[in-house]
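Q: Structure for this input, please:
(chains A and B)
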Amino acid sequence: MTRLYGPKAWAALGALAVVLFVVVPVFSLAVPAGSPFHLSQYWVTLIGKIMCYAVVAIAMDLIWGYTGILSLGQGLFFALGGYALGMYLMRQIGREGQYQSELPDFMVFLDWKELPWHWWNTDQFWWAALLVILVPGLLALVFGYFAFRSRVKGVYFSIITQALTFAAMLLFFRNDTGFGGNNGFTDFKRLLGYSVTAHETRVTLFAVTGLLLIGTLLLGRWIVKSKLGRVLVAIRDAETRAAFCGYNTLHYKLFIFTLAAVICGIAGALYVPQAGIINPGEMSPANSIEIAIWVAVGGRGTLTGAIVGAGLVNFAKSLFTVWFPEYWLYFLGLLFILVTLFLPQGIVGLLRGRREAAA
Amino acid sequence: MRRLILNLTLALFAAGKAHALDAAAVAKLAFGESDERIAAIGILVGSGDPLAPVLLKALVDGELQAAGERVLIIRGEEAIDAATGAKVSPLPAEREDVIANNRLRAAAGSALASLQLLAADRTARLEAARALSGSLSAATVPLVRSALAAERDGEIRALLAMSLATIDLASEDRATRLAAIRMLGESSNAAAKPLLIAAAKDRDPEVSTAAKLSLIEVEGRLKWAELGGLLFTGVSLGSILLLAALGLAITYGLMGVINMAHGELIMIGAYTTYVVQNAFRQFDLFEWYPVAAVPAAFTMSAIVGMLLERGVIRWLYGRPLETLLATWGISLILIQGTRTVFGAQNVPVENPAWMSGGIAMAANLVLPWNRIAIIAFAAAVLVLIWLLLNRTRMGLFVRGVTQNREMASCVGVPTARIDTLAFGLGAGIAGLAGCAMSQFGNVGPDLGQGYIVDSFMVVVFGGVGQLAGTVYAALVLGFANKFLEASSGAVIAKIVVLVFIIVFIQRRPQGLFALKGRAA
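A: Residues are numbered from 1 along each chain as shown, chains lettered A, B, ... in the order given. Sure thing, here's the model as predicted:
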């Protein structure tokens, strides 16, 4: 088996793991709140959410950076995963809602008497967890099968995935769809019996997200280093030639597209309890395009670049929205233009190029 | 009507002649119980005396006062006796307002309107008939009935018959009810339907059957009007989609540039219209602003488009995914820029007067002028583009560059300049679309976002590389949207159409009208 990383990279990854699983929990739980070293819940949650985005970015890098498929539907898969776990979280509220009913508040508000069919068994965590994986995965599998089979590619694929996301957003905005309309799900109380707002739960969610991030990175690295990864790059660079070499490109593309959707779904499921809300706004086409710019900023086809890009852009977003919200769109817009014009390799690509030039 | 009554009053003042109204009725109107007062209105109107409308108008306007037993119509410092029409001066010192409650006011208003039914001017009669529909009071029924007998105009007759039938359906007399039902059966007014449905529950079996039969007739007639309306809104939506998509058909369809900022070029056109409108209002030329707004919107969007092509897009030719991301960035900046300059709220763009109102095809089918104007506008733009692409030298160059860039360049076509001009043309057409959309929709920074998915769908559905496909696709999607909307609601309609296109593209990736042979 090929080695995934060199010793230096393994060391860096180990250091990251120590920070995520030891340093952060200690500084936020063991250090008292008054101390200057205390890590407040705000920061734990913010970094946790950004790590969810980074996982999505890795998935995007796998399909776009390595396979050359620019899907503008990743935000949809992310939101579907979020909604699947959100259903469980809504059921866990129990009778503590505004209307003291077994049904979620918005259903009482709509005067519904019983749960709609798609809420079946959602009070069971295992079923919700299964939905988190199955719903985005199956949608991607079916949609991808038809799209790739009829050789829809390039910009066409981008546009129809965007249309799919748009249609789904409209669907989820309807009250009758049974997902809370434009308010979505919020006011969560418990996850597996633990309070979602408790600091300990937040730190645990943070650690689980960190585990997912490292796991996704290693999985991605393993894929791109394997023969499978080579075929994916071949499809990106010359799909027809790869097909003539005897590879059924449909299967490869379908596999990576479905895998990316599942990863996005899991990231969405971890995002929702940390953010405390999920609504159809997450499915807006703008969100999905933003994922592409995270990857582009960090550097396509590098995996670590995806993490760097997602981290930088989202950190910048939090800073902008606090200090000068009206300039955020200018900044993001310029980022889109400048990165595509002047930084086609992204930050990681640029650094790597420097290093190779120096060597 | 106000002027007519004023004239009447002046004439009375001038003549100072004694007209005589029924003094008892006047007294009842001013001092009686609620029901007596309404009955008094009927008596006064029935008298046919020219003083009656003046009195009723004064009642509605609160210009009626009582001084002891006398009822006075007050006009500033002067007054006339309501019963005799004689001038009263000086004004008696002790006066009290005659209060009219809403019911009385409505009855007096409807009585006044029914008097207008006898006017010589058709518009005055039509207006009166409209005012009466739904507010007819029993007091004025005889007058309306005689007016209907004398009326020759079909539209006014229909309105009056409708109003009378509403009253007659509640009548005790079986024959009257039957006659009313028969009358309603001949109408094509949607308001007849609920009346007939109510009448179908009549205890009398004959009346009930007659009502059911009439209902079927009316429903049949309504259905045609409804279908007509649906077709019209379908064409209207199609023309809007066409305008939004025509620019894309050039930039994306012909040039292969995927421009996510296309919607924002539409928005720029709409905002340009807004600015031109404000400028024209300053100079009191408001009615004429579309004349300048159309070229201004085209120019403004075309300039922005050409700047984009020169500054950003030309560096990304051949890299469509990068173009998509960069133009998305441009669209974000344009949206935020608009917010900074004009504010995040929608800005008001008003129709000039000649574009408001509409043609009434039937009682439930009115074709608004602004929609008709936009359909005509879309057709005109389409013809112009077709001529430009197929009958001019520049069009020839554009087609040449599209088909074979190297060869076109070899024979001396300045390809880079043609790219800029063609992109400018596509952007300018987006500006025209924005100008048209400002006439019926909200103009705000997010205007373009709503159209970007739709217009790409039109181009993709129609097939890349030609205009005919875009036209058919726009109309088909317009109809599909409206017909589905009628049966299942707007959101579901939109979702069904999107899903249909997604499936369709997978069946026919080249779109509805794929180019055949080597060109494809």
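
Q: Indicate the residue of the stretch 401-520 of chain B located nearest to chain A.
A: Nearest residue of the stretch 401-520 of chain B to chain A (C-beta to the nearest C-beta) works out as residue B:498 at 4.0 Å. C-betas here are computed from N, CA, C, even on glycine.

Q: which residues does the residue lying closest to residue B:454 once chain neighbours are set aside contact?
A: In space, and not counting its chain neighbours, residue B:454 is closest to residue B:241: 6.1 Å by C-beta to C-beta, 6 or more residues apart in numbering or on different chains. By C-beta atoms under 8 Å, 6 or more residues apart in numbering or on different chains, the contact set of residue B:241 is B:454-455, B:458, B:474, B:477-478.

Q: For the residues you listed, give me JSON lines that also has neighbour count and distance to residue B:179.
A: Converted to JSON lines, the contacts of residue B:241 look like this (neighbours: other C-beta atoms under 10 Å in any protein chain shown; distance: C-beta to C-beta, whole Å):
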{"residue": "B:454", "neighbour count": "22", "distance to residue B:179": "52"}
{"residue": "B:455", "neighbour count": "29", "distance to residue B:179": "55"}
{"residue": "B:458", "neighbour count": "30", "distance to residue B:179": "53"}
{"residue": "B:474", "neighbour count": "30", "distance to residue B:179": "50"}
{"residue": "B:477", "neighbour count": "25", "distance to residue B:179": "48"}
{"residue": "B:478", "neighbour count": "22", "distance to residue B:179": "44"}
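
Q: Residue 67: neighbour count?
A: No chain in the question, so chain A it is. Residue A:67 sits with 26 neighbouring residues when counted by other C-beta atoms under 10 Å in any protein chain shown.

Q: if you could check chain B rather than the one you did, that'd help
A: Neighbours of residue B:67 using other C-beta under 10 Å come to 16.

Q: can you list the weak-confidence ranges in chain A?
A: A:1-2 (pLDDT under 70).

Q: Out of the contacts of residue B:241, which sit inside helices?
A: The helices, defined by DSSP state H, take in B:454-455, B:458, B:474, B:477-478 from those.

Q: now the residues you listed in TSV, with pLDDT?
A: Shown next, in TSV, are the ones in helices among the contacts of residue B:241 (pLDDT from 0 to 100):
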residue	pLDDT
B:454	81
B:455	81
B:458	83
B:474	87
B:477	87
B:478	86
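
Q: Widest-spaced pair of those?
A: Farthest pair in the ones in helices among the contacts of residue B:241 (C-beta to C-beta) is B:455 and B:478. Separation: 12.3 Å.

Q: Distance from stretch B:455-471 to the middle of the chain?
A: 29 Å (C-alpha atoms, centre = their mean, to the nearest Å).

Q: what's the answer for stretch B:181-200, then?
A: 26 Å.

Q: can you list the residues that contact it?
A: Stretch B:181-200 is contacted from outside by B:133-134, B:158, B:161-162, B:164-166, B:168-169, B:177, B:180, B:207-208, B:210-215, B:217-219, B:221-222, B:225, B:362-364, using C-beta under 8 Å, 6+ apart.

Q: are any of those buried, and which?
A: Among the contacts of stretch B:181-200, those scoring as buried are B:133, B:158, B:161-162, B:164-166, B:168-169, B:177, B:180, B:207, B:210-211, B:214-215, B:217-218, B:221-222, B:225, B:362-364 (criterion: 16 or more other C-beta atoms under 10 Å in any protein chain shown).

Q: Identify the residue nearest the residue of chain A found nearest chain B in space, chain neighbours excluded?
A: The nearest approach of chain A to chain B comes at residue A:336, 2.5 Å away (C-beta to the nearest C-beta). Spatial nearest neighbour of residue A:336, excluding adjacent residues (C-beta to C-beta, 6+ apart): residue B:329 at 2.5 Å.

Q: Tell me which residue is most central in the chain.
A: Looking at chain A here, since you left the chain open. residue A:56 (3.1 Å; C-alpha atoms, centre = their mean).

Q: that's the other chain; I wanted chain B
A: In chain B, the C-alpha nearest the mean C-alpha coordinate belongs to residue B:368, at 4.6 Å (C-alpha atoms, centre = their mean).

Q: which residues does that residue bridge with?
A: residue B:358 (DSSP bridges).

Q: Verify the stated contact: it with residue B:358.
A: Yes - between residue B:368 and residue B:358 there is a contact at 4.0 Å, judged by C-beta atoms under 8 Å.

Q: Show me where the chain has its strands.
A: All of this is about chain A. Ranges of strands in chain A, per DSSP state E, are A:185-186, A:190-191, A:194-195, A:277-278.

Q: sorry, should have said chain B
A: So, for chain B - with DSSP E - the strands run B:64-67, B:70-75, B:78-81, B:87-88, B:96-97, B:358-362, B:365-368.

Q: Name the strands paired with the fifth one and say parallel or antiparallel.
A: So that's strand B:96-97. strand B:64-67 (antiparallel).

Q: thinking again about what came up before, my read: the residue nearest to the centre of chain A touches residue A:265, true?
A: No - counting by C-beta under 8 Å, residue A:56 does not reach residue A:265; the two are 9.8 Å apart.

Q: Between these two, which contacts overlap?
A: The contact lists of residue A:56 and residue A:265 share residue A:78, where a contact means C-beta under 8 Å, 6+ apart.

Q: In chain B, what residue comes closest to chain A?
A: For chain B, C-beta to the nearest C-beta, closest residue to chain A: residue B:329, 2.5 Å.

Q: ok, now which ones touch that residue?
A: A:293, A:332-337, A:340.

Q: pLDDT score for it?
A: With respect to pLDDT, residue B:329 scores 93.

Q: Alongside chain A, which residues does the stretch 351-500 of chain B contribute?
A: Proximity of the stretch 351-500 of chain B to chain A is confined to B:453, B:456-457, B:460, B:491-492, B:494-495, B:498-499 under the rule C-beta under 8 Å from any C-beta of the partner chain.

Q: Could I get those in CSV, plus columns for neighbour count and pLDDT?
A: Shown next, in CSV, are those (neighbours: other C-beta atoms under 10 Å in any protein chain shown; pLDDT from 0 to 100):
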residue, neighbour count, pLDDT
B:453, 20, 79
B:456, 27, 80
B:457, 27, 82
B:460, 28, 80
B:491, 16, 81
B:492, 16, 84
B:494, 19, 80
B:495, 20, 81
B:498, 23, 79
B:499, 15, 81
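
Q: Now go through the residues you listed and say which are in helices.
A: B:453, B:456-457, B:460, B:491-492, B:494-495, B:498-499.

Q: and those residues as a markdown table, adding distance to residue A:269?
A: As requested, those are exported to a markdown table (distance: C-beta to C-beta, whole Å):
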| residue | distance to residue A:269 |
| --- | --- |
| B:453 | 27 |
| B:456 | 31 |
| B:457 | 31 |
| B:460 | 33 |
| B:491 | 26 |
| B:492 | 28 |
| B:494 | 28 |
| B:495 | 25 |
| B:498 | 26 |
| B:499 | 26 |
